[in-house]
Structure formats: C-alpha cells, structure tokens
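**Q** Pasting the sequence and the predicted model now:
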Amino acid sequence: MPQTMALIGGTGRLGPGLALRLSRGGLPVIIGSRDLQHALDAAERVTALDGVTRIRGATNADAAASADLAILTVPYEAQTGLLPDLAGPLAGKVVVSTTVPVRFDPALGPVAVKVDEGSAAEQVAALLPTSRIVGGFHTVSSVHLSRLDRDLDEDVLLCGDDDGAKADVRRIAGVIPGLRVVDAGRLGNAHHLEQLTVLLLSINRLSRRSVGVRLTGL
Ligand SMILES: NC(=O)c1ccc[n+]([C@@H]2O[C@H](COP(=O)([O-])OP(=O)(O)OC[C@H]3O[C@@H](n4cnc5c(N)ncnc54)[C@H](OP(=O)(O)O)[C@@H]3O)[C@@H](O)[C@H]2O)c1
C-alpha cells in the first residue's frame, strides 16, 4: 500500500473530496497547489470538515516529491504547462489521471475535447515518461465524495498498462467505503472512460443530479 498520497491541484472540487475520503480511510494526504498559501488554506478547510488530522498542504512540487502516489486533479488545459516540471519528483511513482478533456458550450452543454495523444491519460504518460500512469476516478463526482452524510454507491473504473500500479490504486480506492473498483483494461481505454464522463456530465445537466456508474453482471 502506498504510504502518502499527493493531490496535485487538490484545491479545486475533486481534490478536496478525494482528500477527505482517503484521509478518513487512514491514508496520509497532501493537498498540492501552485500557491503554498492556497494549499494550506484548502488543507485546513478539508480538515475542519471532519476533524481529520492527516491532511496537509504544500506546493505541487513539494507534494509530488513527498508522496508515494500522486493523483492529478487539475483541468485538462493545465496538464501541458504543469506536468513537465513534476516529471522529476514523480519519476517511478504511480500517477492517477482523473482528467476529463471537456469544454462547456453555452448551447450544447458538455462537449468532448479532442486530444492528440488519444486521451488525457495518454498525454500524462507522454509528459511523465518515467511515471506509472493509471486512469481512474473520472466518473466519481466531487459532490458524492464531499457529502459525508451519504454513503458512496458506485464503481471506479481503472485503466492502465502497469498491473502493479493498478493494484496500488485499487488498494487506495478500497479505503473509501461504497466504491467498487473495476479493472477497465489498458491505458488505451482511457479515451472511453473520459468520454463516458462527458456523457454523464450531460445527464447531470438534464437531470439536475450528480450521477455515477454502477456496472451490472460482474
Ligand atoms: N469535479 C469533479 O467532480 C470531477 C470528477 C472526476 C474527474 N474530475 C477531473 O478532475 C480534474 C479537476 O477537476 P476540478 O473540478 O477539481 O477542477 P478545478 O476545481 O477547476 O481545478 C482544480 C485545481 O487545478 C488547479 N489549476 C487550475 N488551472 C491550472 C493551471 N492552468 N495550471 C496549474 N494548475 C491549475 C487549481 O489549483 P491552484 O490554483 O491551487 O494551483 C485548481 O484549484 C479535472 O481534470 C476534471 O476533469 C473532476
């Protein structure tokens, strides 16, 4: 089991929700940011939500250097600017791509953004060539993660080419009650997970709910 998690860009919506749930599951968590004070403030806010004590704040670079496993929780547009500087601190480490390349059109709603590498996760693999990339958590809503009064009840679909890395992510997701991990195959399948999430965002918009995924027949 990896010892310390870094949430790169963990100050937004998904990062705090994951930090909260992972920390409640007993894992030490660092919330990273481009701005140290922003990270410290976010860590304090998340800690106050539940009285948890394992969350701390750091710059993204320090969080990446201190962690055994990193989860990227930045928008797709941030990847090419942010990740090259983190390639050193994240070398050899498991890195989870949660990124959904999507734009929000005022008339059409959520629209998938084309990625030259095939998917945002494969772009991460190109930008962090010595890290062990796993795609996952795309379909898990920050709303569900942040609402401690409701249990989660959904699947996390993981894809990647490194079975050991996927096993590590399976173990950390396993500390969050109500999440079932499903192996979704190779990293080349990340495109499908990312696009599935664009569909879920459209359903959210129409239903005014936050939906997740639960597969049947497994
Ligand atoms: N929200 C969800 O429910 C959800 C669910 C599944 C997957 N995801 C995926 O998770 C990722 C994060 O989603 P989110 O909703 O949490 O995003 P967000 O709130 O818009 O942004 C998260 C953080 O990214 C950092 N950031 C923003 N622009 C940046 C840039 N140009 N360079 C470097 N860092 C930048 C910011 O942190 P600092 O300013 O502190 O550096 C920000 O707080 C996205 O790729 C999204 O597709 C989201």
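**A** All right, it came through fine.

**Q** From here on, just use CA atoms for contacts and neighbour counts.
**A** Fine.

**Q** quick one, helices of this protein?
**A** Assigned by DSSP state H, the helices in the chain fall at 14-24, 36-50, 60-66, 79-82, 120-127, 142-146, 163-173, 190-207.

**Q** can you redo those as TSV with mean neighbour count?
**A** Output for these, formatted as TSV (neighbours: other C-alpha atoms under 10 Å):
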stretch	mean neighbour count
helix 14-24	24
helix 36-50	18
helix 60-66	23
helix 79-82	14
helix 120-127	22
helix 142-146	19
helix 163-173	18
helix 190-207	19
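
**Q** wait, which of these is closest to Arg180?
**A** helix 163-173 (8.0 Å; C-alpha to C-alpha).

**Q** Can you list the neighbours in contact with that closest one?
**A** Defining contact as C-alpha atoms under 8 Å, 6 or more residues apart in numbering, one finds that helix 163-173 is touched by 1-2, 22, 94, 96, 132-134, 158-160, 179, 181.

**Q** Tabulate the helices of the chain (CSV), appending mean pLDDT.
**A** What follows is the helices of the chain, written out as CSV (pLDDT from 0 to 100):
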stretch, mean pLDDT
helix 14-24, 95
helix 36-50, 94
helix 60-66, 98
helix 79-82, 98
helix 120-127, 98
helix 142-146, 94
helix 163-173, 98
helix 190-207, 97
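
**Q** Kindly report the residues of this protein close to the ligand.
**A** Within reach of the ligand by C-alpha under 6 Å from any ligand atom, the chain has these residues: 9-15, 33-35, 38, 73-76, 78, 82, 98-100, 137-142.

**Q** What about these, which are in strands?
**A** Taking DSSP state E, the ones among the residues of the chain next to the ligand that sit in strands are Ser33.

**Q** Show me how to select, in PyMOL, the buried members of the residues of the chain next to the ligand.
**A** Buried members of these, defined by 16 or more other C-alpha atoms under 10 Å, are picked up in PyMOL with:
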select buried, resi 9+10+11+13+14+15+33+34+38+73+74+76+82+98+99+100+137+138+139+140+141+142
